[in-house]
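Asks: Would you be able to build a 3D model of this:
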Amino acid sequence: MKTLLVLWSSQTGNTLQLAKAAAAAAMQESSVTVRIMPALQAGVDELLGCDALLLATPENFGYMAGALKDFFDRTYYPAQGKVAGLPYAILISAGNDGLGAQQAIERIARGYCWRQAYPPLLVRGVPQPADLAAAAELGATLAAALSIGML
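Replies: From the prediction side, this is the model:
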């Protein structure tokens, strides 16, 4: 069975809403285990134990949340060389344009030698029903691709 790890950080609840929508849709794929957890609680074991990763973060001051950066700081060296090629996707809840957070995450992902599975989902402002549907579609797509071996 494949595992999709959904990491999130949220202060207002917007990012968590989106992450939960993605995870719930991914859970519909019976051959994929979905683990959703706060970035501050995830560590190298969770990273090494997943087959794909969905990184959900708010945009804080034009950057990713500190909790997600902390996850990267704690796991980079212990996971170095062990997660090359790991497929990932990004979900950003932005008050501005989200591009600073996106670029920072993509830069760090290149350091891990991960591969971006799908384009980032940038949600500006309070998530609307269409945004939650887009997050669900991203989660479902990741899970389906894992299930059939596309990722």
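
Asks: Run through the neighbouring helices and strands of the lengthiest helix in the chain.
Replies: The single longest helix within the chain, with elements called by DSSP state H, is helix 129-147. Other elements packing on helix 129-147 under the criterion 3 or more Cβ pairs under 8 Å, 6 or more residues apart in numbering; DSSP states H and E are strand 2-8, helix 14-26, strand 32-38, strand 52-58, strand 87-94, strand 121-124. Every C-beta, even on glycine, is put in place using the N, C-alpha and C of the backbone.

Asks: What residues of the fourth one count as buried?
Replies: Of all the residues in strand 52-58, those buried under the rule 16 or more other Cβ atoms under 10 Å are 52, 53, 54, 55, 56, 57, 58.

Asks: can you tell me the helix or strand for the nearest residue to residue 44 once chain neighbours are set aside?
Replies: Nearest residue to residue 44 in three dimensions, chain neighbours excluded: residue 78, at 4.3 Å (Cβ to Cβ, 6 or more residues apart in numbering). For residue 78, the enclosing helix or strand under DSSP states H and E is helix 66-79.

Asks: helices or strands next to that helix in the packing?
Replies: Counting by 3+ Cβ pairs under 8 Å, 6+ apart, the packing neighbours recorded for helix 66-79 are helix 44-48, strand 52-58, helix 99-112.

Asks: Please repeat the previous calculation with a cut-off of 10 Å.
Replies: Taking 3 or more Cβ pairs under 10 Å, 6 or more residues apart in numbering; DSSP states H and E as the contact definition, the neighbouring helices and strands of helix 66-79 are strand 2-8, strand 32-38, helix 44-48, strand 52-58, helix 99-112.

Asks: got the contact list for it?
Replies: When contacts are defined by Cβ atoms under 10 Å, 6 or more residues apart in numbering, helix 66-79 is touched by residues 7-11, 15, 38-48, 55-58, 60, 63-65, 82-83, 86, 90, 101, 104-105, 108-109, 111-112.

Asks: Buried ones only from those residues, please, as a ChimeraX command.
Replies: The buried residues among the contacts of helix 66-79 can be selected in ChimeraX (16+ other Cβ under 10 Å) with this line:
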select :7,8,9,10,15,39,40,42,44,46,47,55,56,57,58,60,63,64,65,83,86,90,101,104,105,108,109,112
